[in-house]
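[1] quick one, fold the following:
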Amino acid sequence: MIPLTRGIYFCSMAINKENYSKISAELESRNITLVAVSKTKPASDILDLYNLGHRDFGENYVQELQEKQEELPKDIKWHFIGHLQSNKIKYIAPFVYLIHGIDSFKLLKEVDKQAKKIDRNINVLLQVHIAQEETKFGLDETELDEIVNSPELPGLKNVNIQGLMGMASFTEDKEKVRNEFRYLKSLFDKYAQLQTTNYKVQTLSMGMSADYPIAIEEGTTLVRIGSLIFGERAHN
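    Numbers count the residues shown, from 1 in each chain. Okay, the predicted model is just below:
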């Protein structure tokens, strides 16, 4: 294993090709994007999946994402799915395909600022807090409404708000998870009605390895799956 920052290690395990084939076929038939969550996994594992034709990969840590982006094929679509700090945006701005976790207007404006510096448009999702766990980040409905209807939003010319993202509670209670996804889908449907130059809601990112079947039933357009494909991640 190769040591990384944050006490996390690269842990190389063969990808589960059977799971990947099954999941990707199901999602493709429903026109749902699969983001393979490759955090803490070595470039070799990502390349194995890449060679099967997969292109969308999700990372949580800026330094790790930078290192992998430099090493791996340039046509990979890198999704940043972790909690993003304002001072780290500049490091991924040149290449990131989609930032999933915009949880404040301040962060959105900083992404726009960094994108403008390099004459690039960056696609983002607004993260909504739908879980009952306080540890999860995200906007509440009032904060979401304030961003979407802010008179400042049209002035942000270098960000494209493409949809919403949410993480359900970590629980065995499937009905709780379903209700949280259903709530997020209702917000998605509501705000999809408003379409402007830099605000075109079309992506609903919800569902991970443990709950993606429920997310599919509740209308997701993108799921983030890691352990079912790459195996569990390792800590020191």
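[2] low pLDDT regions in the protein?
    For the chain, residues meeting the criterion pLDDT under 70 lie at 1-13, 133-136, 197, 233-236.
[3] would you map the strands across it?
    2-3, 8-10, 33-37, 56-59, 77-80, 98-102, 122-128, 159-166, 199-205, 222-225, 234-235 (DSSP state E).
[4] can you point me to the longest helix in this structure?
    helix 174-191 (DSSP state H).
[5] quick one: contacts of it?
    Helix 174-191 is touched from outside by 128, 130-132, 141, 144, 148, 163-164, 166, 168-169, 171, 201, 204, 206-207, 211, 214-215, 217-220, with contacts defined as Cβ atoms under 8 Å, 6 or more residues apart in numbering. Heads up, the C-betas are built off the backbone N, CA and C, glycines and all.
[6] can I get the buried ones among these as something I can paste into ChimeraX?
    The ChimeraX selection below is limited to those of the contacts of helix 174-191 classed as buried (16 or more other Cβ atoms under 10 Å):
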select :128,130,131,144,148,163,164,166,168,169,201,204,206,207,211,214,215,218,219,220
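[7] in helices only, show me the contacts of helix 174-191.
    Here DSSP H is the test, and those give 141, 144, 148, 214-215, 217 as lying in helices.
[8] before we move on, back to that, in a markdown table, list the strands of the chain along with distance to Tyr50.
    Formatted as a markdown table, those follow (distance: least, Cβ to Cβ, whole Å):
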| stretch | distance to Tyr50 |
| --- | --- |
| strand 2-3 | 19 |
| strand 8-10 | 17 |
| strand 33-37 | 9 |
| strand 56-59 | 8 |
| strand 77-80 | 11 |
| strand 98-102 | 18 |
| strand 122-128 | 21 |
| strand 159-166 | 23 |
| strand 199-205 | 21 |
| strand 222-225 | 16 |
| strand 234-235 | 22 |
